[in-house]
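>>> give me a 3D structure for the following:
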Amino acid sequence: MRDMRQNISTVMGLAPGVLTADANGVTVDRLGFDSVTFAVAMGVGGDTFTGSKRLDFIVEHSDDGTTWAPVGADNVIGAEADVNGVVLSQRTAHAAADVRRIGYVDGTIGDRRYVRLNLDVVGTHGAGTPLAVVAILGNPASKPVA
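Okay, the predicted model is just below:
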């Protein structure tokens, strides 16, 4: 039997919590890894989601870890990125906890070293929603991964 432990690394993208406001994700340095997948764990929605009261998840990338740009549609797998980098928008009831995967890939604008997933809370969210994001780095240049 094989496992993946020595073939991946993980970074806490957004610390677990009940979020009611915007949150910038942790900068993920892809050095030594050819792929990143964000695992977005979302609990039962504490508020009623609509088009004007929603959670938008935005993926950004950077060459230097300081100047950020939204990803394009050709930079993600498992989601559709709009022009602002929104890869997931929770606009309807979320009655059961789940985990969604969003992959970051090379696109036509080139391979960026740094990537992050941010949360944009649109509207007023009084109760909040439990969330956490883990970045899973894969396809390492050197194995085993420590």
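>>> pick out the residue closest to the middle of this structure.
With distances taken as CA atoms, centre = their mean, the residue of the chain nearest its centroid is L117 (3.8 Å).
>>> my guess is that residue meets A23, correct?
No: look at L117 against A23 with CB atoms under 8 Å: they stay out of range, at 9.6 Å. C-beta here means a position set from N, CA and C on the backbone, and glycine is covered the same way.
>>> so for those two, which residues contact both of them?
Shared contacts of L117 and A23 (CB atoms under 8 Å, 6 or more residues apart in numbering): L14.
>>> the residue nearest to the centre of the chain looks like it's in a helix, true?
No: counting by DSSP: H, G, I helix; E, B strand; the rest coil, L117 is not found in a helix; it is strand.
>>> so L19 sits against A127, correct?
No: distance between L19 and A127: 10.6 Å, which falls outside the contact criterion (CB under 8 Å).
>>> so who does the spatially closest residue to the residue nearest to the centre of the chain that is not a sequence neighbour touch?
Leaving aside its chain neighbours, L117 sits nearest to G25 (4.4 Å; criterion: CB to CB, 6 or more residues apart in numbering). Residues in contact with G25 (CB under 8 Å, 6+ apart) are G13, L14, R116, L117, N118, L119, V133.
>>> check which helix or strand covers G25.
Using DSSP states H and E, G25 sits within no helix or strand.
>>> then G138?
Assigned by DSSP H and E, G138 falls in strand 129-140.
>>> low pLDDT regions in the chain?
Applying pLDDT under 70 to the chain flags the ranges 1, 106-110.
>>> would you map the strands across it?
For the chain, the strands defined by DSSP state E occupy 9-19, 28-29, 33-42, 54-62, 69-70, 76-77, 86-90, 98-104, 114-122, 129-140.
>>> quick one: the closest residue to A127 other than its chain neighbours from L31, how far?
Counting by CB to CB, 6+ apart, A127 lies nearest to G46, which is 3.3 Å off, once chain neighbours are set aside. Using CB to CB, to the nearest Å, G46 is found at 37 Å from L31.
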